[in-house]
Every structure is written in structure tokens, then in C-alpha cells.
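>>> no sequence on this one, just coordinates:
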């Protein structure tokens with residue numbers, strides 16, 4: 001099937017009978033929601049029912065987006081790291097309710113001795129910020145293992161922002177370093193290597209944490225929100241809106257707010273440094289909170305394996321999946337300023353957003369990327385795009401997810 005929208009926005013791919021509404025929503029993203037280049041892939045019970053791509057990888061060259069185009073997926077990376085933990089937990093490699101300090105003794109400083117693995121993964125540790133200043137160089141030294149000491153010291157020296165376990169606060173940046181350091185202490189393997197060897201490679205999933213240089217030609221140009229968007233759309237929300245974006249962006253203006261602290265360090269990857277995620281340097285680094293690179297097919301493949309596992313060789317057991325079908329944490333999030341839920345690192349969002357099914361788990365990324373599994377319907381969903389949206393939940397991703405459910 002080939003659909004035509006705007007010039008240079010030729011849409012390719014196919015939908016199975018009964019899923020035409022997803023193609024309509026995908027096309028409308030180009031016509032009415034300023035999509036530049038994107039792909040969406042949906043599997044039901046392991047079968048591909050939607051596989052669409054369209055637009056361009058780069059506006060200047062007009063190179064078309066293809067079925068295997070890649071892009072940084074920002075915090076959708078956290079869902080991939082959560083999958084590595086789920087796989088490890090299922091195999092007895094780490095205990096969810098054991099103290100983190102059991103695996104990482106240096107973690108126990110400053111009141112952190114009783115924080116469990118589950119508390120950390122569910123964003124209830126109070127460790128939403130890293131206050132010791134870190135640079136991109138420091139993160140590169142840590143992610144490569146060349147000299148991890150500065151980052152490790154910052155993690156160990158951090159004091160919780162509130163009593164661990166008493167409140168929820170999204171660890172926008174800190175989730176990655178804490179989760180990765182814990183993973184390596186427990187297994188002797190990096191989470192990036194484990195994800196590749198145990199999950200994405202066996203599944204044949206087009207997903208990377210630390211992109212090899214050989215894959216760079218497939219990466220699309222990243223388009224962030226510019227000054228015009230800031231002054232015309234973001235700033236009015238900061239000043240007047242009572243919606244979630246208004247609440248969130250106003251918190252960035254408050255010097256010591258949990259929101260600002262959670263996203264301001266390192267500054268080179270904060271609000272003013274988002275464009276650095278569009279560089280080869282950052283894509284090559286294994287930053288387990290935001291530098292994952294994937295195609296729509298790749299995200300869909302991973303989540304399909306969780307939503308509809310092959311009974312002969314499941315990625316993880318049904319018991320492990322049952323554990324994340326339920327919300328393990330729910331409440332007003334001190335960082336994101338909205339009701340949120342988590343299960344072992346996966347987001348369990350409000351039911352009026354991506355999925356009406358409480359069993360659904362996955363993770364969105366800044367700008368719009370999205371991957372999720374819905375075991376109740378056997379759905380594995382993946383959406384990747386190159387023009388970022390400034391809203392907390394992208395209308396383009398929402399439109400696609402809602403269209404899927406209109407077809408079920």
C-alpha cells in the first residue's frame with residue numbers, strides 16, 4: 001500500500017485488513033501535525049499488522065525515510081533498560097526486594113542503605129537528581145569504562161531528595177546511571193552488552209544502546225524545537241496554561257525545584273543541549289536513560305516479544321510479565337507534575353493516553369518516540385520520528401496509539 005500526503009511525504013508500507021485507521025492517522029500526522037519523517041510498526045500476537053514509514057530523513061537532502069531508518073528515542077531507552085532488568089530478574093540474577101547496597105556497597109551512603117532494587121526502578125528512591133556537576137566527557141569516561149570514578153562518586157555521594165519510598169519522582173537522567181551501575185555490579189556485564197547479547201540480537205531487533213559507526217548512514221537528522229516554537233508555543237504555556245506542560249515548564253524556572261534538578265545535570269544534555277543527542281558522539285555512547293537508537297520495527301519487535309511471547313522459547317516467563325502488568329507505584333509525580341505509575345522501570349501511564357488497558361507497559365521518549373506492550377491484546381507497538389514535539393505526550397504518538405485501539 002502506498003499513500004500520498006504532502007510532497008516528499010510519500011508513505012510506504014502496509015496495513016492488514018481492519019487497520020486502515022492507523023494508516024489514516026499516520027498520514028494525518030504529516031498533513032496536519034507537521035511530521036517530517038517517521039515510522040510506526042504494530043504487531044498483534046507476533047504478526048505484523050501495521051508497518052508504515054514516510055516523510056524524509058533530512059529536509060535539505062530530501063532523502064526519504066525508509067523501513068529501517070533509525071533515530072535516538074530519548075527516554076524510550078529506559079523501557080529497553082527495564083527489559084534487560086526484567087530478563088535478568090526472571091533468571092534469578094538479581095532480587096527485586098534486595099537492598100541495592102547488597103550488590104553495590106558504596107551506594108549505602110547518606111541514608112540510601114535501605115533502598116531496594118524495586119524502589120530504585122520504580123522512581124521512588126528520592127534520587128531524581130544528580131547534584132555533583134558532570135560533563136559530557138565524564139559520562140563518556142563512565143559509559144566506556146575508561147574512567148568511571150567521577151560519575152560513580154557523584155552517585156554514591158548523592159542524598160535522597162525525600163525519604164526513600166515515601167513519594168514518587170521521575171528520575172529523568174539519574175535513572176540511567178543508577179540502573180546501569182547496579183546492573184554491572186550485580187552481573188559483571190554492562191546493561192548495554194546484556195541488552196544486545198540477550199535480547200535485541202536474539203530477537204533480531206533493530207535497537208542499539210551505543211550505536212556502531214557502521215549503522216550511522218541509517219540515522220535521520222534530529223529536529224528539535226527552535227526559538228520560534230519556544231516563544232510562540234512553549235512560553236505561553238509557561239505563563240498561563242493549567243495543563244501539564246504549563247505546570248512542568250514553570251518548574252524549570254524555579255531554581256531548586258525537583259523538576260529542574262532532575263534534568264539540569266549534565267547541562268550539555270539538558271534543555272539547552274538537546275541538540276547534542278543528534279550527534280555521532282552521543283549516539284555512540286551507552287547512556288541508559290536517553291541515547292538508545294532504534295527503528296519503529298525494532299521497538300515493536302522487543303515489545304511484541306513481551307506482549308505475545310513464543311511459548312516454545314519465550315524471552316521472559318509469564319510470571320515475569322505478570323509482575324509488570326500491575327502498577328507497582330502510582331501517584332502524583334514530584335518531577336513530572338502529573339499522575340504517573342511505574343512497574344520495574346516501565347511507565348504505567350493514565351489510561352486515557354496511549355492505552356486503555358491497565359496491563360500495558362512501555363516507555364515514551366522526549367519528542368514523541370514510543371514503545372509499549374499490551375499483553376491483554378498481544379500488542380507490540382513502536383513509533384520513531386525525527387521532529388521532536390515540545391509536549392510531554394506527543395499528539396502524533398497519541399493519535400497512532402488510539403488508532404490502533406480503534407481497530408482492536
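Okay, I see it. Predicted model, so just to flag it, every value in this text is computed and none were measured. Numbers count the residues shown, from 1 in each chain.

>>> so residue 337, which of the three states?
coil (DSSP: H, G, I helix; E, B strand; the rest coil).

>>> for residue 392, see how far away it is.
In this view, residue 337 and residue 392 are 9 Å apart by Cβ to Cβ, to the nearest Å. All C-beta spots, glycine's among them, are computed from the backbone N, C-alpha and C.

>>> return every residue with contacts to both of those two.
Taking Cβ atoms under 8 Å, 6 or more residues apart in numbering as the contact rule, the neighbours common to residue 337 and residue 392 are 244, 248.

>>> of these two, who's got more company?
A count of neighbours by other Cβ atoms under 10 Å puts residue 337 above the other of residue 337 and residue 392, at 21 against 17.

>>> is it true that the more buried one touches residue 244?
Yes - at 6.5 Å, residue 337 and residue 244 qualify as touching, with contact defined as Cβ atoms under 8 Å.

>>> now the strands for the stretch 151-300 of the chain?
207-209, 292-294 (DSSP state E, counting those that start in this stretch).

>>> redo those strands as JSON lines? Include distance to residue 366, mean pLDDT and mean neighbour count.
Shown next, in JSON lines, are the strands of the stretch 151-300 of the chain (distance: least, Cβ to Cβ, whole Å; pLDDT from 0 to 100; neighbours: other Cβ atoms under 10 Å):
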{"stretch": "strand 207-209", "distance to residue 366": "16", "mean pLDDT": "98", "mean neighbour count": "26"}
{"stretch": "strand 292-294", "distance to residue 366": "12", "mean pLDDT": "98", "mean neighbour count": "30"}
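
>>> dump the residue contacts of the closest residue to residue 259 other than its chain neighbours.
In space, and not counting its chain neighbours, residue 259 is closest to residue 251: 3.5 Å by Cβ to Cβ, 6 or more residues apart in numbering. Listed by Cβ under 8 Å, 6+ apart, the contact set of residue 251 reads 257, 258, 259, 260, 337.

>>> for residue 14, see how far away residue 304 is.
To residue 14, residue 304 is 17 Å away according to Cβ to Cβ.

>>> who's more crowded, these two?
When residue 304 and residue 14 are compared for neighbours, residue 304 comes out ahead with 29 against 13, by other Cβ under 10 Å.

>>> does that one really touch residue 377, like I thought?
No - with contacts counted by Cβ under 8 Å, residue 304 stays clear of residue 377, the gap being 11.5 Å.

>>> show me which residues of stretch 214-223 are buried.
Using 16 or more other Cβ atoms under 10 Å as the burial criterion, the residues of stretch 214-223 that qualify are 218, 219, 220, 221, 222, 223.

>>> by mean pLDDT, flag the weakest helix or strand of this structure.
helix 227-229 (a mean of 71; mean pLDDT, DSSP states H and E).

>>> where does the stretch 251-400 of the chain have low pLDDT?
309-311 (pLDDT under 70).

>>> tell me, what residue is most central in this structure?
Centroid check for the chain by Cα atoms, centre = their mean gives residue 76 as the closest residue, at 1.3 Å.

>>> report the contact partners of the residue lying closest to that one once chain neighbours are set aside.
Nearest residue to residue 76 in three dimensions, chain neighbours excluded: residue 365, at 3.7 Å (Cβ to Cβ, 6+ apart). By Cβ under 8 Å, 6+ apart, the contact set of residue 365 is 73, 74, 75, 76, 77, 290.

>>> assumed residue 402 was part of a helix.
Yes - assessed by three-state DSSP, residue 402 belongs to a helix.

>>> quickly note the distance from the nearest residue to it once chain neighbours are set aside to residue 356.
Excluding the flanking residues, the one nearest residue 402 by Cβ to Cβ, 6+ apart is residue 25, at 7.5 Å. To residue 356, residue 25 is 16 Å away according to Cβ to Cβ.

>>> neighbour-wise, which of these two wins?
Taking neighbours as other Cβ under 10 Å, residue 25 and residue 356 compare with residue 25 leading, 21 against 15.

>>> related to what we said a few turns ago, so the residue nearest to residue 402, which of the three states?
Using three-state DSSP, the structure places residue 25 in helix.

>>> and if you look at residue 88?
Under three-state DSSP, residue 88 falls in the helix class.

>>> list the contacts for it?
94, 183, 186, 187, 194.

>>> so which of those residues are in helices?
Counted as lying in helices by DSSP state H, out of those, are 183, 186, 187, 194.

>>> what about the closest residue in space to the third one that isn't next to it in sequence, distance to residue 87?
Ranked by Cβ to Cβ, 6+ apart and with sequence neighbours excluded, the top spatial neighbour of residue 187 is residue 93, at 5.9 Å. When Cβ to Cβ is the yardstick, residue 93 and residue 87 sit 8 Å from each other.

>>> which of the two has more residues huddled nearby?
Taking other Cβ under 10 Å, residue 93 and residue 87 do not tie; residue 87 has more neighbours (18 against 14).

>>> quick one: pLDDT of that one?
If you check residue 87, the pLDDT there is 98.

>>> now it: how far from residue 354?
For residue 87, the distance to residue 354 equals 23 Å [Cβ to Cβ].

>>> check residue 63 too.
For residue 63, the distance to residue 354 - Cβ to Cβ - is 30 Å.

>>> which of the two has more neighbours?
Taking other Cβ under 10 Å, residue 63 and residue 354 do not tie; residue 354 has more neighbours (25 against 16).

>>> for the more buried one, list the residues it contacts.
The contact partners of residue 354, by Cβ under 8 Å, 6+ apart, come to 360, 362, 364, 370, 372, 393, 397, 398, 401.

>>> hmm, 7 Å instead?
Applying Cβ atoms under 7 Å, 6 or more residues apart in numbering to residue 354 gives the contacts 360, 370, 372, 398, 401.

>>> could you dump the residues you listed into TSV and include distance to residue 282, secondary structure and neighbour count?
Formatted as TSV, the contacts of residue 354 follow (distance: Cβ to Cβ, whole Å; DSSP: H, G, I helix; E, B strand; the rest coil; neighbours: other Cβ atoms under 10 Å):
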residue	distance to residue 282	secondary structure	neighbour count
360	29	coil	27
370	20	strand	28
372	25	strand	28
398	27	helix	18
401	27	helix	28
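
>>> ok, those residues vs residue 118, which is closest?
Taking Cβ to Cβ as the measure, residue 118 lies nearest residue 360 of the contacts of residue 354, at 19.7 Å.
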